[in-house]
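S.K.: following is a predicted model, sequence given first.
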Amino acid sequence: MSVAREDVTTPVIVGRSSSHFTRIARIFAAELRVDYSFRVLRDLLSSNPEDYGGNPALRIPVLQTPRGVWFGALNVCRELRRMSSLTPHVVWPEELEAPVLANAQELVLQAMSTEVTLIMSKLGGTAESAHQSKMRTGLTNMMAWLEQNATTVLATLPSNRDLSFLEVTLFCLVRHLEFREVLPMTSYEELNAFCQKFETRASAMETTFRFDT
Ligand SMILES: N[C@@H](CCC(=O)N[C@@H](CS)C(=O)NCC(=O)O)C(=O)O
């Protein structure tokens, strides 16, 4: 990865080093050995789509390539896979046919979105509303389900995989809940064991959460 250099040939990821959705994209880029420039979104409260690489949803990550612009982590990861000269066995969400896998993916992405809403509403500076407290209950329920099903999920994924979108997203979610102190994660033994194993990958080590300065 090179920092802040932008030209037409090097892909650009727009995001933040503290963002779990951005980290998904950066882990895929590292696993797939796709070089990119990293453009930091400085102001998370900006209403200018230009600051988000042109994403009208005002969300990160965004990938800009000579072929076009890709909004959202899954789109970005798929394009990185197409750009890569490597051919690892990647398991994508549409291949998760067993209910436990499909539900795990749904809950991981929902928990990530719920976390974003909780963090952003805190940024807004108001006291916790009834809806926010419902979201917090939902988040705790989702994490309990994931803890309970983690062993089955990992055992049900194809054993010959090199990488799965499900594991990358689960890893980013768990570590981010801890990093942003949204939920204490120490009691989630199965999820922590999974993360400790996953973070031995260079792609995870290179993308540790931090606040951009
Ligand atoms: N559907 C998008 C969601 C991305 C997302 O919510 N990103 C967060 C940062 S982790 C964001 O842009 N938050 C800004 C906001 O909520 O205003 C994806 O899958 O990438």
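M.R.: It's in. Residues are numbered from 1 along each chain as shown.
S.K.: shaky segments in the chain?
M.R.: Along the chain, segments meeting pLDDT under 70 span 1-8.
S.K.: Thr156 contacts Pro99, correct?
M.R.: No. Between Thr156 and Pro99 there is no contact under C-beta atoms under 8 Å: 9.8 Å. C-beta here means a position set from N, CA and C on the backbone, and glycine is covered the same way.
S.K.: neighbour count winner among those two?
M.R.: Ranked by neighbour count (other C-beta atoms under 10 Å), Thr156 and Pro99 place Thr156 first, with 16 against 9.
S.K.: how much space separates that one from Ala29?
M.R.: 27 Å (C-beta to C-beta, to the nearest Å).
S.K.: which residues in the protein form helices?
M.R.: 20-31, 73-83, 99-123, 130-156, 165-179, 189-198, 202-205 (DSSP state H).
S.K.: most tightly packed of those helices?
M.R.: Mean neighbour count (mean count of other C-beta atoms under 10 Å) peaks for helix 20-31 among the helices of the chain, with a mean of 25.
S.K.: can that helix be found next to the ligand?
M.R.: Yes. Against the ligand, helix 20-31 shows contacts by C-beta under 6 Å from any ligand atom at His20, Phe21.
S.K.: compute the inter-axis angle for that helix and helix 189-198.
M.R.: 40 degrees (axes from the mean of the first three to the mean of the last three C-alpha atoms, to 10 degrees).
S.K.: what inclination does helix 20-31 have with respect to helix 73-83?
M.R.: 10 degrees.
S.K.: which elements pack onto helix 20-31?
M.R.: strand 12-15, helix 73-83, helix 99-123, helix 165-179, helix 202-205 (3 or more C-beta pairs under 8 Å, 6 or more residues apart in numbering; DSSP states H and E).
S.K.: mind putting these in a markdown table, distance to the ligand included?
M.R.: A markdown table is the format used below for the helices and strands packed on helix 20-31 (distance: least, C-beta to the nearest ligand atom, whole Å):
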| stretch | distance to the ligand |
| --- | --- |
| strand 12-15 | 8 |
| helix 73-83 | 4 |
| helix 99-123 | 4 |
| helix 165-179 | 8 |
| helix 202-205 | 17 |
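S.K.: what's the closest of those to Asp43?
M.R.: Ranking the helices and strands packed on helix 20-31 by distance to Asp43, with C-beta to C-beta as the measure, places helix 99-123 first at 10.9 Å.
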